[in-house]
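S.K.: Would you be able to build a 3D model of this:
(2 chains)
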Amino acid sequence: MRRADRIRLVVFPTAFGALWGLIELLAGGWLHAMRVPVAGAFLGSAGGIILCAERAFTPVRGATLCTGLTAILVKLMFIGGLQFNIVIALALETAVAEAVLTVFGVSALSFFLAPLLCCMESSLHFLIGNWLKYGGDIFGAYAIALRKIAALFGIKPDFWKLAVALWAGLHLAIGGAAGLVSVRVGRYLRKI
Amino acid sequence: MKRGIAFKTALLLFAAALFLPGRRWQAAADAAALLALASRDAGALRAGSFRFWFFPAALAAAVSFFSADADASLLGYGYSSRQMAAGAVMMFHAYVFAALARFGRRNFTMGEIVSAADRAGAGGAGLRAALALASARILKRMLAETWLHYCVSRPGKKERLLDMDIFFGAAVRNAASAAENISVLLHIRNVDI
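M.R.: So this is what the prediction gives:
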């Protein structure tokens, strides 16, 4: 590999990682301060769009992982400490985007799918975050609590299915819109 | 015990607690993790706030007192001792998690983490961190300017949402331009990566 290519392989993921880290800091700070619901979905989608755009410039396996690692580094450096929740969220989104872009390459399909799946990452984050923090017993406790709440208010015990469907629908809508934005950005860059 | 070794040991024990069968073993592994942290920085044990404890405590109590298999009582209210034990282990695990995070925040700076990653051979982490900081400084100004111009030219919220691809396109183009400039600079300066 030529030296110029090696330099690009380091610099592009780093610059785009810095961009993602900044968007997480600025937009994330604003969304959380305004208590916008499903703020994580918006941030995950934005991350997916940036990861796709970066991969268009350096279409090499692993480039997305480097971008994500840089974003984690930037966010932690600006916050000034170790925050497990941030590391888990950004690492999961990065892993999802890397998998999609490796399987489908730089294409309209991967540009649509990556932000969509990054947006859905919050469900995986919820499961992994709760498992890490409280251990496996937490899910049994949730199930009991849901059954009791349903019995208390006289609603069907499977009401949680409706809640999950609503949650998934909302995330699919946000992720789908982000996917379309990502495809348009790819076309704007003349990369897909 | 050095703080790095104490942290790694505690992290390993905490991870082991997630996979060990039986609550006693899980609690024992968590207790050992706590001891490892306390051996280096006892201040890290003052972890967790009211907000942090409220949710797991309320959930553990509710699940124990509303469980169908109540086999003990407290102040006349029946509760499940099995669920109570599960709740206690769950909260202890959450406490160790919070103590680990506090230990990390109190004892390691980002600079130390980056240099440790560099020493461990994580592909030029030091150079990447320096580059990331330099790029972040350039991009922060660009991003703020782009957003301001975007908002001024699109006063309505609907317009801003519909044209989001234009904003992202501009932000990505700026990042690519900054990356291109840095690449040229490193190439001219003969920096080997």
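S.K.: So which elements touch the worst-scoring helix or strand of chain B on mean pLDDT?
M.R.: The weakest-scoring helix or strand in chain B, judged by mean pLDDT, DSSP states H and E, is helix B:110-119 (a mean of 74). Helices and strands touching helix B:110-119, by 3 or more Cβ pairs under 8 Å, 6 or more residues apart in numbering or on different chains; DSSP states H and E, are helix A:63-79, helix B:125-153. Just so you know, the C-beta spots here come from the backbone N, C-alpha and C atoms, and that holds for glycine as well.
S.K.: which parts of the next helix or strand after the first one are buried?
M.R.: Next along the chain after helix A:63-79, taking DSSP states H and E as the criterion, comes helix A:84-104. Across helix A:84-104, burial judged by 16 or more other Cβ atoms under 10 Å in any protein chain shown covers A:86, A:88-98, A:100-102.
S.K.: about what we covered before: mind exporting the least confident helix or strand of chain B as CSV, just the C-alpha atoms?
M.R.: The C-alpha trace of helix B:110-119 is given here as CSV (Å, rounded to 0.1, in the frame of the first residue of the first chain):
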residue,chain,number,x,y,z
MET,B,110,-8.0,9.9,28.9
GLY,B,111,-4.3,10.6,28.2
GLU,B,112,-3.4,7.6,30.4
ILE,B,113,-6.0,5.4,28.6
VAL,B,114,-4.7,6.4,25.2
SER,B,115,-1.0,5.9,26.1
ALA,B,116,-1.9,2.5,27.6
ALA,B,117,-3.7,1.5,24.4
ASP,B,118,-0.7,2.7,22.4
ARG,B,119,1.6,0.5,24.6
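S.K.: could you give the angle of it to helix B:125-153?
M.R.: Angle, helix B:110-119 to helix B:125-153, by axes from the mean of the first three to the mean of the last three Cα atoms, to 10 degrees: 130 degrees.
S.K.: got the angle between helix B:110-119 and helix A:63-79?
M.R.: Using the same axes, to 10 degrees: helix B:110-119 against helix A:63-79 is 150 degrees.
S.K.: picking up where we left off before, deepest of the helices and strands packed on helix B:110-119, which one?
M.R.: Highest mean neighbour count among the helices and strands packed on helix B:110-119 (mean count of other Cβ atoms under 10 Å in any protein chain shown): helix A:63-79, with a mean of 23.
S.K.: which residues touch that helix?
M.R.: A:9-10, A:12-14, A:16-18, A:20-22, A:24-25, A:47, A:50-51, A:54-55, A:82-83, A:86-87, A:90-91, A:93-95, A:97-98, A:101, B:110, B:114, B:123, B:128-129, B:132-133, B:136 (Cβ atoms under 8 Å, 6 or more residues apart in numbering or on different chains).
S.K.: Not counting its neighbours along the chain, what's nearest the spatially most central residue of chain B?
M.R.: Centroid-nearest residue in chain B, with Cα atoms, centre = their mean: residue B:101, separated by 7.6 Å. Spatially, and ignoring its direct neighbours in sequence, residue B:101 is nearest to residue A:84 (5.5 Å; Cβ to Cβ, 6 or more residues apart in numbering or on different chains).
S.K.: Hmm, residue A:54 and residue A:8 touching each other?
M.R.: No - using Cβ atoms under 8 Å, residue A:8 is not in contact with residue A:54; the gap is 11.4 Å.
S.K.: what about the helices in chain B?
M.R.: All helices of chain B, identified by DSSP state H, fall at B:3-19, B:23-40, B:50-65, B:81-107, B:110-119, B:125-153, B:157-162, B:164-188.
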